[in-house]
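> Curious how this folds, go ahead:
(one chain, ligands or ions: 1)
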Amino acid sequence: MTSISALPYDYELPESGNVALIVIDMQRDFLEPGGFGDALGNDVSLLQAIVPTLKSLIEGFRSMGLPVIHTIECHQPDLSDCPPAKLKRGKGDLTIGSEGGMGRILVKGEPGNGIIADLAPLPGEVVIHKPGKGAFYATYLDSILKEQGITHLLITGVTTEVCVQTTMREANDRGYECLMVEDCTESYFPEFKQATLEMVRAQGGIVGWTAIAADVLQGLE
Ligand code: C5J
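So this is what the prediction gives:
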């Protein structure tokens, strides 16, 4: 039994082979100056700050032969997979499909839609293209995890209160034991990150656990 020091109490893994690292939406448009997040007036340096720690965690998983699964929030070029409600949300000039600083916003294959170079997926790693905030909605993620016998998910990426939290809640409802890695997730709004971490682990871990990356790596070694 592997045990990771976590909140609200230690997180236990029956066998290390049952765990996957989920890296949510570490995309250029959310993290780089000139991208969508920046154009909306957000401070992207907040999100960039987690990259070194997340990179170490990803490399730790790779060195242990454990699966790393990446996600990308994106839509088809004709936006046929974008619900009208999502498309018309917000009142700014830039919306999904608009021409942004790094190509069309949230459109599959555009430069800004890709994962940042520092965290580029390795050949053979699963990359889930997701039209929703959660990584389970309208994707094959659940089948891929089930095929590989994965029961435990360590969840990272951006933004904490949107795609990361939605994915963790979707996973929890599907029966996965989930842990959010505190220093490998970030929000443009620090108070939203803090609130998310607290609500996840409240009431005895109602959605799951939280822990820092160093404790995750120590527990898995
Ligand atoms: C957002 C995300 N915030 N990856 N996407 O729209 O959290």
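> does residue 70 count as helix, strand or coil?
Following DSSP: H, G, I helix; E, B strand; the rest coil, the label given to residue 70 is strand.
> switch to numbering from 4
Noted, 4 is the first residue going forward, which turns the last one into residue 73.
> need the contact list for it.
Contact partners of residue 73, counting by C-beta atoms under 8 Å, 6 or more residues apart in numbering, are 26, 29, 118, 122, 124, 128, 129, 130, 131. From N, CA and C alone the C-beta is placed, and that goes for glycine too.
> In TSV: those, plus secondary structure and neighbour count.
Below are these laid out as TSV (DSSP: H, G, I helix; E, B strand; the rest coil; neighbours: other C-beta atoms under 10 Å):
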residue	secondary structure	neighbour count
26	strand	28
29	coil	27
118	strand	19
122	helix	18
124	coil	17
128	coil	16
129	strand	17
130	strand	11
131	strand	18
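> near the ligand, which residues of this structure?
28, 33, 76, 161, 162, 165, 166 (C-beta under 6 Å from any ligand atom).
> one step back: which one of the contacts of residue 73 is nearest to the ligand?
Nearest to the ligand among the contacts of residue 73: residue 29, at 9.0 Å, using C-beta to the nearest ligand atom.
> show me what contacts the closest one?
The contact partners of residue 29, by C-beta under 8 Å, 6+ apart, come to 54, 57, 73, 118, 119, 122, 160, 161.
> quick one: it from residue 216, how far?
From residue 29 across to residue 216, the span is 14 Å (C-beta to C-beta, to the nearest Å).
> if we can go back for a sec, pLDDT added to the contacts of residue 73, as JSON lines?
Converted to JSON lines, the contacts of residue 73 look like this (pLDDT from 0 to 100):
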{"residue": "26", "pLDDT": "99"}
{"residue": "29", "pLDDT": "98"}
{"residue": "118", "pLDDT": "98"}
{"residue": "122", "pLDDT": "98"}
{"residue": "124", "pLDDT": "98"}
{"residue": "128", "pLDDT": "98"}
{"residue": "129", "pLDDT": "98"}
{"residue": "130", "pLDDT": "98"}
{"residue": "131", "pLDDT": "98"}
